[in-house]
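*Asks:* Kindly generate the corresponding structure for this input.
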Amino acid sequence: MPTGEIERDDVDEIQAAWAREQPGVPVASIGVITRIWRIARLLDDDRRSTMRRLGMDVPTRNVLSTLRRAGAPYSLTASELARRAGVTPAAVSQWVARAEADGLVTRRRHTVGDTRQVDVSLTERGRERIDGVVAELLRHEDDLVAGLDPDEVEQLSASLRTFLASLTARKARSS
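*Replies:* Now for the predicted structure:
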């Protein structure tokens, strides 16, 4: 087998079997969707295991990472934090309460116009903790893609960006 060439896998066999059993039904998506599902499961298991090893749960990482990526002063309103983290305000409230109890964030309530607002800020301890966790996580995940050369990583990233945008647009149209 030439260098870089991968043997057929069971997904190819599934695709070929459906093409044989239901001629005329499009089966090309099997090669993409089934592999993405399998990769997603493997990556989800790996990320959970890595986060356990690093001593941080996924919700806490999401809160701290979102605040850290916001840039100095590492503070967002609770509603903006929920929006950026892609979760409900109720979920963020629970996550923030846990992070606050661990001294990783602070909450400050105040009134803005006619509404009450909660600002969530990363503490110095929280910033140091997330910086360490993210550095370790990204080094580990860089190792996961090391089987691809840099051009392949870039091409895969671009293809997945296009696919994600297409699915997101499709969902928006159907809503």
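*Asks:* only C-alpha atoms for contact and neighbour calcs from this point on.
*Replies:* Will do.
*Asks:* pretty sure residue 119 contacts residue 112?
*Replies:* No. Using CA atoms under 8 Å as the test, residue 119 is too far from residue 112 to be in contact (11.1 Å).
*Asks:* ok, those two, which is more surrounded?
*Replies:* A direct count of neighbours by other CA atoms under 10 Å for residue 119 and residue 112 places residue 119 higher, at 16 against 9.
*Asks:* Got phi/psi on that one?
*Replies:* With angles defined as degrees, to the nearest 10, residue 119 sits at phi -100, psi 130.
*Asks:* residues in contact with it?
*Replies:* 75-78, 107-109 (CA atoms under 8 Å, 6 or more residues apart in numbering).
*Asks:* Specify the local secondary structure of residue 118.
*Replies:* Three-state call for residue 118 (DSSP: H, G, I helix; E, B strand; the rest coil): strand.
*Asks:* Neighbours of residue 148, how many?
*Replies:* By other CA under 10 Å, 13 other residues sit near residue 148.
*Asks:* Could you check how far it is from residue 74?
*Replies:* 34 Å (CA to CA, to the nearest Å).
*Asks:* can you check residue 136 too?
*Replies:* Distance, residue 136 to residue 74, by CA to CA: 21 Å.
*Asks:* With residue 103 instead?
*Replies:* Counting by CA to CA - residue 103 and residue 74 are separated by 15 Å.
*Asks:* low pLDDT regions in the protein?
*Replies:* Residue ranges of the chain with pLDDT under 70: 1-5, 114.
*Asks:* Tell me where it has strands.
*Replies:* Counting by DSSP state E, the chain has strands at residues 75-77, 105-112, 115-122.
*Asks:* between residue 136 and residue 74, who's got more neighbours?
*Replies:* Shown here are residue 136 and residue 74; by other CA under 10 Å, residue 74 has more neighbours (19 against 15).
*Asks:* who's in contact with the more buried one?
*Replies:* 67-68, 121-122.
*Asks:* and this protein, what are its domains?
*Replies:* Using automatic domain parsing, the domain parsing of the chain gives 7-54, 57-144.
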